[in-house]
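Visitor: below are the sequence and a predicted model for it; my questions follow.
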2 protein chains.
Amino acid sequence: MAVGKSEKRVDAYDKVTGKAQYTDDLCDSGAYVARVLHAAVAHGKVLSIDTSEAEKVEGVVKILTCFDLKEKHYYATPGHPWVADTKFRDIEDRLILTDMVRFYGDDIGAVVAENALAAARALDLIKVRYEEYPFVMDVQEAMKDGAPQLHSRYPGNVLEHTEIRDGDYATAAAEPGLVKVEGWYETQTMQHCHIENFICFAEMREQRIRLVTSTQVPHVVRRVVAQALGLDCGQIRVIKPYVGGGFGNKQDILYEPLCAWLCLQCGGHAVRLDVPREETFYCNRVRHAFRMHLVSWMRPDGSFAARKLELWSDQGAYASHGHAVAGAAIPAFRQLYPCADMEIDAWTVFTNKTVAGAMRGYGIPQITWAMECHMDDIAAALGMEPLEVRRRSLMPVGYWDPVSRKALNDDSFKQCLDRAMEITDYVQKRREYRNQTGNLRRGIGAAVFWFDTGVAPVVLETSSCRMTLNQDGSLQLQLGETEIGQGADTVFCQMAADTVGVPFDRVHILSFQDTDVSPFGTGAYASRQTHAAGFSIRRTGLQLKALILDRAEKLIRIPASNLDVRNGKIVRISDGFEMMDLGALAKDVLYNRTDSDHLSAESTSLINTSPYTLGCTIAEVEVDIALCKIKVLNLVNCHDAGVLINPALAEAQVHGGMSMGLGYGLSEKLLFDPKTGRPLNNNLLDYKLLTCADHPELKAEFVQNPEPFSAFGEKGLGETPVCAVAPAIRSAVLCATGVGLNEIPMDPQNLYDSFVKAGLIPRREGSACTI
Amino acid sequence: MAVGKSEKRVDAYDKVTGKAQYTDDLCDSGAYVARVLHAAVAHGKVLSIDTSEAEKVEGVVKILTCFDLKEKHYYATPGHPWVADTKFRDIEDRLILTDMVRFYGDDIGAVVAENALAAARALDLIKVRYEEYPFVMDVQEAMKDGAPQLHSRYPGNVLEHTEIRDGDYATAAAEPGLVKVEGWYETQTMQHCHIENFICFAEMREQRIRLVTSTQVPHVVRRVVAQALGLDCGQIRVIKPYVGGGFGNKQDILYEPLCAWLCLQCGGHAVRLDVPREETFYCNRVRHAFRMHLVSWMRPDGSFAARKLELWSDQGAYASHGHAVAGAAIPAFRQLYPCADMEIDAWTVFTNKTVAGAMRGYGIPQITWAMECHMDDIAAALGMEPLEVRRRSLMPVGYWDPVSRKALNDDSFKQCLDRAMEITDYVQKRREYRNQTGNLRRGIGAAVFWFDTGVAPVVLETSSCRMTLNQDGSLQLQLGETEIGQGADTVFCQMAADTVGVPFDRVHILSFQDTDVSPFGTGAYASRQTHAAGFSIRRTGLQLKALILDRAEKLIRIPASNLDVRNGKIVRISDGFEMMDLGALAKDVLYNRTDSDHLSAESTSLINTSPYTLGCTIAEVEVDIALCKIKVLNLVNCHDAGVLINPALAEAQVHGGMSMGLGYGLSEKLLFDPKTGRPLNNNLLDYKLLTCADHPELKAEFVQNPEPFSAFGEKGLGETPVCAVAPAIRSAVLCATGVGLNEIPMDPQNLYDSFVKAGLIPRREGSACTI
């Protein structure tokens, strides 16, 4: 069996040898180069664009501005399946180019040139006149009366407000003898920083638009580009080659509509739109910054009497994934520490900033930061061990969620915590690190995470699969679900191999999605793919196997019920005897003179389950108080991801998630100039992405409780490990120094301010950063 | 309905604008360039190859010779489906490189270089030593005792001999009062001269060999390359882009195995093998030259008493399509003029010449030349009108062929002859052109042709198809059958549109075959594709339609039995009311929250029928006796091709076929030096391919008898129009001059010799060509 083994990645050879083809590798060198003209004000109206000087640059093909967009087809950018009910549909607030500028960097024009140099020169020579408006960059400011308004449809800039009232919060909070614990917690704006910047190219072929793009969601791209251009989706063909990371940024439709439109404006000539790194920071998507206010009413025994959450999600200038991200945080808050009496208010608010979209974790890293910091604050207030407070109130086995209609089957939290504590010698070290003095102090801390696999049943989960049998008994496997670097293709091949009964290396997957031929799949997001594709691979594989055994019965006159396919052989079940090679059967069937058939199967699965995927992170740190620096000594993630289809790839996924969690907790933050709204550190020099050297050894531990509602016992894996790293570090810093930071990143400036406030170090005049 | 309309070619826009991508367009500029080292003797053994000087050329990557081929996997080159029974399998006599040279140009090595110049220079510097053997270039010489032997498995150089004895020829021929008519007829070696020379490139991707090639038969290429390399076919991925003509040459596996092997020898680096025009003439395939001896025993009323055929087919040095070509000529001989008493002997014979393979007509142009010349000779001998002799004996309606198990349903010959005679004013002109004198003389003549569509039931006919429904109600169509310039894709789209019930322009076909994703199909040959694919398109389309109507029933609560899909709408049959748009249904089905499905259908059809496709050609000529030149004034082809799926494309196919027939009849002939075996005119200057200016206006007429055994009433179309052009011209020349030529091409040399022999002109000394 291939499932459960660390099979080598199917794309390893090509990626290591540089043969793997990404979007740029497929683009003809004769393609025109497009560059986007971004607005240089944070809020305003474009009055005029003077392209006369720019047009003179040699090599410029065409300069198009918002005023050239004759037909206005508004479209939504999130990579979600389409929804029939307009009430639940993503918000259609984008145009290919706009004359209403809502953030610094909004798309107001584009240059198409024969080469990158000409495009860049022309861009510099374009003169834009604006009518400038006041702008707002803070979520709570934006909600105030008189604040600048971004979208007329959303007065007060509130995209959506969720109000949940479970039980009776006020009465519950009035229970005598309660301790009130209150905190404000804040997360920053962050960018995905995938290795491969967004890039796409479009050209007319066969009187349709062929678009090759670095996306997580090719089938969604097709639909949205069609909508943005006012075409039928059959007029668009989208191809997704290898992708160098996405992390949710490429779950948004980024510049595909603009690129396709430019191609049409240039008579169908190939147009390539490559977004430079500097622009990805502010013109792609970012992670929503959350401001969270938590109030907990605790009984002295550590149990919750009542809980309250106020949450402001910073949407930036356009809706994109919008309230769905805050919406994903809400069940995490409700379910991680269940309590009968709860009050939740969540607002998603427009500001004149870069648009926030999907990013690994989708609201859960933010809410986990607040909840887990808050748990430590509660523990401190009650004088209890932080993990004891958690264990007392964590979602119990048997917990039933009426929305997703599922129960928690496994005691994952306990198992993960026990395992992680044992590995890290947590109890002993907590004891050891008490009452330290001196400049270098060590601490250990923990945080738990809660996650739902996929989006069912709130959003459609569907996955299609096609398999064909080659004449040598090997399989071709096609899915709509996308390999974007995470190893999905390898895992799909393992599942297909076991289902049909062939060796792993006899499954050949089509890694590139092509909407003309690929079965439908919604793509890579929500840690859904292994789970969702598992269903359609299993169903399709069983269909193919049934066809194979039916033909085997005809050929060797043994009932199909006594036959199986194992390791690429037709085997008699009763005695395990190998009757014939699958390749021989495939050949006989295909070239059969009376009953030739090209054996293939194709099916769609609707997925109604979204298994919980739970776990914890433990961090050990050394804090240099004088230098305001945290050194992470040890980081352990323990995770119940169900059956690991491929342990090595699971470990790699967790390592990647932990790494992003480290950057989130310690260093990354996209800054904006409060005077102009301009992004300040939109480059990899000033935006402090961690490097290899900044990482401790990462340890990925697993508890494998097979998930009964999954095709192969698996649960989601991709996003979870990012969620609890920052609060675990915060917990360790609190252990080391007694100082609990409420805002990330915990960078030196943040630590300095906190340590000064705590009296650990004196304030030095002139050292404060004004931003 | 789209079928029957001259819909615009689906590839018209791309081909006219230069956007269509052929193999060379897809090859990365960094690919290595391979050139083949051809033997410079006609028969012998390679003793040594000195590459030392060649290796020094800058840019040379690798030089490989026959001595580097460690594993010898013999393979067969014809583009046929694989046959389980080894007795009926194509002959496996080729190696990737050989040290046994059997013709001038045999493949003994290859140079791989960074660029074409380096490859060419290196090729020039390689020194080869041979042990030379005597060689033979004439089929009857090759069969003689003591003739040089090409293959030890085939003593006497006879690849195969078919001996048919129907009735009792000798007794029948002894009937009193018979007139014996006897003739020797000969056809030449000819090359396909497709616009796009053979080209392919191979590279390792995902640890498999990806081969892009200009082929008619991609699925066959995969199988044969695997065999030649000793790999499983799943290790090979073959992609066929647009193809610039094949005419049967690309129904052979040409240099794909060599190219793939070179790629492996270069560590998987991309290797491009482009065959220069000069080499295509002698290192690809040619049409079999036939020598035919016909004897007819005629009753005075013009009926046959007995018929005899002796046929020698010149195979050249390797088996390729071998005896199948002579084998295809035999039923034409037997069935066109049925006779109870017949004697047939057909030999396919190896000679030390370029390998003969498939070429448009596959033996039928050759046998038609002999039969139809012979019919005119019979008419002359009996003093009858040539067409009257034919009409008397042509295969009658109701004729039953026990081999293909089919009857002739339609009186196609009569209908076609009547129509063509009327158009050309044949009877009047025959009268008019009697007894001419002077140098310029006109004549009119006719010939008929007989053809089977496809290869069933002698060889497997199978075709698979996949259709998927897009969210806008448009269709994706995939087939294994290949567009190679003939317009197949357009016709497939028309058939799919009508079957499912969508407008023609809503069907999007995948023109490129990719063995990883394309349904299985054997490819373009034997005029099979419209017929074969028609079955699988119909079956698959009906399956898809049933799925659509099933969902429509669920959605609109009207029984599927009262619903139809028409013009892209779900229509209530009872009153024709349009219930909903197919796109709306597709969207509802795909995004359905309780029953999502990506509607698709895939199926394979086994085809057991091979409809007759019959007709005639009439030519009117003016002969300049002194200059020995024929000017074709008028050429009409009248053809029962059943229902024309696309009349404009049918006409274009017929025009192309007539044009090739003109070259065959008048000018084309590949010559070999009798002293060395070297090809003499292997270039487009010396090989006299006709140009536009050499063509009269071509007229394509059709009789449309719907074929009951076809999915859309169609019959084959691609090859037939080439078959009867040469004998029609010969008939017209005979009418004009009284001279009947028995050999093609009827070029000036041939005419000179014939006219001298007939006493029309005096012999001029020194003018005879010795070749």
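Guide: Perfect, thanks for sending it.
Visitor: wait, isn't A:Asn115 in contact with A:Gly59?
Guide: Yes - with contact defined as Cβ atoms under 8 Å, A:Asn115 reaches A:Gly59; the gap is 5.5 Å. All C-beta atoms are positioned from the backbone trio N, CA, C, and that covers glycine.
Visitor: can you pull the contacts of A:His309?
Guide: In this structure residue A:309 is Leu, not His. Residues in contact with A:Leu309 (Cβ atoms under 8 Å, 6 or more residues apart in numbering or on different chains) are A:292-294, A:330, A:333, A:342-346, A:370.
Visitor: what's the burial count for A:Lys180?
Guide: By other Cβ atoms under 10 Å in any protein chain shown, 12 other residues sit near A:Lys180.
Visitor: from chain B, how far out is the residue nearest the centre of chain A?
Guide: Closest to where the C-alpha atoms of chain A average out (Cα atoms, centre = their mean) is A:Arg360, at 3.0 Å. Distance, A:Arg360 to chain B, by Cβ to the nearest Cβ, to the nearest Å: 26 Å.
Visitor: next: A:Glu132.
Guide: According to Cβ to the nearest Cβ, A:Glu132 and chain B sit 42 Å apart.
Visitor: output the below-cut-off pLDDT ranges for chain A.
Guide: Along chain A, the parts satisfying pLDDT under 70 run over A:766-771.
Visitor: let's go with 50 and repeat that
Guide: Residue ranges of chain A with pLDDT under 50: A:770-771.
Visitor: show me the domain layout of it.
Guide: A:13-133+A:198-274, A:394-455+A:611-757, A:462-606 (automatic domain parsing).
Visitor: quick one: contacts for the residue nearest to the centre of chain A?
Guide: A:192, A:247-248, A:657, A:660, A:718-719, A:722.
Visitor: A:Leu585 contacts A:Gly568, correct?
Guide: No - counting by Cβ under 8 Å, A:Gly568 is not a contact partner of A:Leu585; they are 10.2 Å apart.
Visitor: please enumerate the shared neighbours of those two.
Guide: Jointly contacting A:Leu585 and A:Gly568 under the rule Cβ under 8 Å, 6+ apart are A:Gly473.
Visitor: of those two, which one has the most company?
Guide: Shown here are A:Leu585 and A:Gly568; by other Cβ under 10 Å, A:Leu585 has more neighbours (24 against 20).
Visitor: check which helix or strand covers that one.
Guide: helix A:582-590 (DSSP states H and E).
Visitor: coming back round to it: of the domains of chain A, which is nearest B:Gly44?
Guide: domain A:462-606 (37.5 Å; Cβ to Cβ).
Visitor: is the closest one positioned near chain B?
Guide: Yes - contact between domain A:462-606 and chain B is present through A:462, A:464, A:466, A:468, A:470-476, A:478, A:480, A:506, A:508, A:510-511, A:516-517, A:519-520, A:583, A:587-588, A:590-598, A:600, A:602, A:604, A:606 (criterion: Cβ under 8 Å from any Cβ of the partner chain).
Visitor: now, of those residues, which are buried?
Guide: Neighbour-count burial (16 or more other Cβ atoms under 10 Å in any protein chain shown) applied to the residues of domain A:462-606 next to chain B gives A:462, A:464, A:466, A:468, A:470-476, A:478, A:480, A:506, A:508, A:510-511, A:516-517, A:519-520, A:583, A:587-588, A:590-593, A:596-598, A:600, A:602, A:604, A:606.
Visitor: could you pull out the strands for the stretch 1-150 of chain A?
Guide: According to DSSP state E, counting those that start in this stretch, the stretch 1-150 of chain A carries its strands in the segments A:32-38, A:44-50, A:60-65, A:100-101, A:107-113, A:127-132.
Visitor: possible to save those as a markdown table with mean neighbour count?
Guide: Shown next, in a markdown table, are the strands of the stretch 1-150 of chain A (neighbours: other Cβ atoms under 10 Å in any protein chain shown):
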| stretch | mean neighbour count |
| --- | --- |
| strand A:32-38 | 23 |
| strand A:44-50 | 16 |
| strand A:60-65 | 21 |
| strand A:100-101 | 23 |
| strand A:107-113 | 25 |
| strand A:127-132 | 14 |
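Visitor: looking at these, which is closest to B:Phe702?
Guide: Nearest of the strands of the stretch 1-150 of chain A to B:Phe702, taken as Cβ to Cβ: strand A:32-38 at 46.0 Å.
Visitor: quick one: list the elements packing against the closest one.
Guide: strand A:107-113, helix A:116-125, helix A:256-265, strand A:271-274, helix A:277-283 (3 or more Cβ pairs under 8 Å, 6 or more residues apart in numbering or on different chains; DSSP states H and E).
Visitor: surely A:Met292 is in a strand?
Guide: Yes - assessed by DSSP: H, G, I helix; E, B strand; the rest coil, A:Met292 belongs to a strand.
Visitor: skip the chain neighbours and tell me the closest residue to it.
Guide: Leaving aside its sequence neighbours, A:Met292 sits nearest to A:Ala370 (Cβ to Cβ, 6 or more residues apart in numbering or on different chains; 3.9 Å).
Visitor: pretty sure the one you found is in a helix, no?
Guide: Yes - with three-state DSSP as the criterion, A:Ala370 is part of a helix.
Visitor: what about the strands in the stretch 501-650 of chain A?
Guide: A:507-509, A:513-514, A:563-566, A:569-572, A:578-581, A:600-606, A:614-624, A:629-640.
Visitor: next: the stretch 251-400 of chain A.
Guide: Using DSSP E, counting those that start in this stretch, the strands found in the stretch 251-400 of chain A span residues A:271-274, A:286-287, A:289-298, A:304-316, A:342-350, A:356-357, A:400-401.
Visitor: run the chain-centre distance for the last one.
Guide: What that stands for is strand A:400-401. Mean C-alpha position of strand A:400-401 versus that of the full chain (Cα atoms, centre = their mean, to the nearest Å) differs by 25 Å.
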